[in-house]
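Engineer: fold the following, please.
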Amino acid sequence: MKRKTSSKSSSKPANNEAALSLGDLLSQDMAEQLKKIKKEKEQELQKQREEELARKQFEAKQREKNKTFEELLNETPMDWKKYK
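Structural biologist: Residues are numbered from 1 along each chain as shown. Coordinates of the predicted model:
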């Protein structure tokens, strides 16, 4: 029996145009604009996260501030029945 020889084909592209990435195809100005937009979006997201955190902290403070005496009494770890 005869063995089949497998021909290994190269997975690399033959021409240089196919090897170019998107960054290589963009002009320098366009790449800078995209980087600037990306940075602005990241800053906006960070600002939104900070605002959301501040809002949640404020709401938690308001809830704590508006608790009734009964709620505060129920939250204490002491057993008030011992002191009656």
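Engineer: please make it C-alpha for all contacts and neighbour counts, starting now.
Structural biologist: Will do.
Engineer: tell me the SS of residue 77?
Structural biologist: The three-state assignment at residue 77 reads coil, by DSSP: H, G, I helix; E, B strand; the rest coil.
Engineer: what's the neighbour count on it?
Structural biologist: By other C-alpha atoms under 10 Å, the residues close to residue 77 number 7.
Engineer: go on, residue 31?
Structural biologist: With other C-alpha under 10 Å as criterion, residue 31 counts 15.
Engineer: what of the one 4 residues further on?
Structural biologist: Residue 35 has 12 neighbours, counted by other C-alpha under 10 Å.
Engineer: swap in the one 3 residues further on?
Structural biologist: Per other C-alpha under 10 Å, the neighbour tally for residue 38 reads 12.
Engineer: and the gap between it and residue 44?
Structural biologist: As defined by C-alpha to C-alpha, to the nearest Å, residue 38 lies at a distance of 10 Å from residue 44.
Engineer: roughly how far apart are residue 37 and residue 43?
Structural biologist: On the measure of C-alpha to C-alpha, residue 37 and residue 43 end up 10 Å apart.
Engineer: residue 26 too?
Structural biologist: In terms of C-alpha to C-alpha, residue 26 sits 24 Å off from residue 43.
Engineer: what about residue 24, which helix or strand?
Structural biologist: Residue 24 is part of helix 22-25, with elements assigned from DSSP states H and E.
Engineer: buried stuff in the following helix or strand past that helix?
Structural biologist: Counting by DSSP H and E, the next helix or strand C-terminal to helix 22-25 is helix 28-65. Neighbour counts over helix 28-65 (16 or more other C-alpha atoms under 10 Å) mark no residue as buried.
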